[in-house]
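K.L.:
Give me the fold of what follows.
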Amino acid sequence: MVEHLTKESFLSKVFNYETNKEWKFEGERPCIIDFYADWCGPCKMVAPILEELSREYDGKVDIFKVDTEAEQELAAVFGIRSIPSILFVPAEGQPQMAMGALPKDTFIKAFKDVLGVEK
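P.N.:
Got it, this is the predicted structure:
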């Protein structure tokens with residue numbers, strides 16, 4: 001299930017940037033965060049792929065979405081300049097950002113390579 005994050009839920013589930021200067025992942029499972037906007041065509045192409053992946057990787061990877069229009073502070077914290085921007089967050093280590101509408105096989109490869117998760 002893809003979950004939409006507000007600033008408050010982001011702080012508790014991903015990264016509390018208000019109290020931590022250094023990256024400290026707050027979640028239990030690796031996750032990806034889709035920074036998107038409702039008016040963005042490529043974002044609409046990614047949405048059904050993320051829904052599919054959320055079912056296929058249920059319990060292994062959390063998939064979150066952040067509406068950059070509604071959550072402008074979150075977009076600013078991560079320096080989002082173009083959408084969609086996808087943040088891949090491993091349970092350990094630093095997150096990695098990817099820009100643009102990625103095909104499903106690219107997500108699956110990143111899940112394995114960046115997040116260390118396979119189906």
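
K.L.:
for the spatially most central residue of the chain, what are its contacts?
P.N.:
Most central in the chain under Cα atoms, centre = their mean is residue 33, positioned 0.9 Å from the mean C-alpha point. By Cβ atoms under 8 Å, 6 or more residues apart in numbering, residue 33 lies in contact with 5, 14, 64-66, 86-87, 89. Bear in mind the C-beta positions are built from the backbone N, C-alpha and C, glycine included.

K.L.:
Now for the closest residue to it other than its chain neighbours: which residues touch it?
P.N.:
Closest residue in space to residue 33, ignoring its immediate chain neighbours: residue 87 at 4.3 Å, by Cβ to Cβ, 6 or more residues apart in numbering. By Cβ under 8 Å, 6+ apart, the residues touching residue 87 are 32-33, 35, 78, 95-98.

K.L.:
and if you look at residue 71?
P.N.:
Residue 71 is in contact with 5-7, 10, counting by Cβ under 8 Å, 6+ apart.
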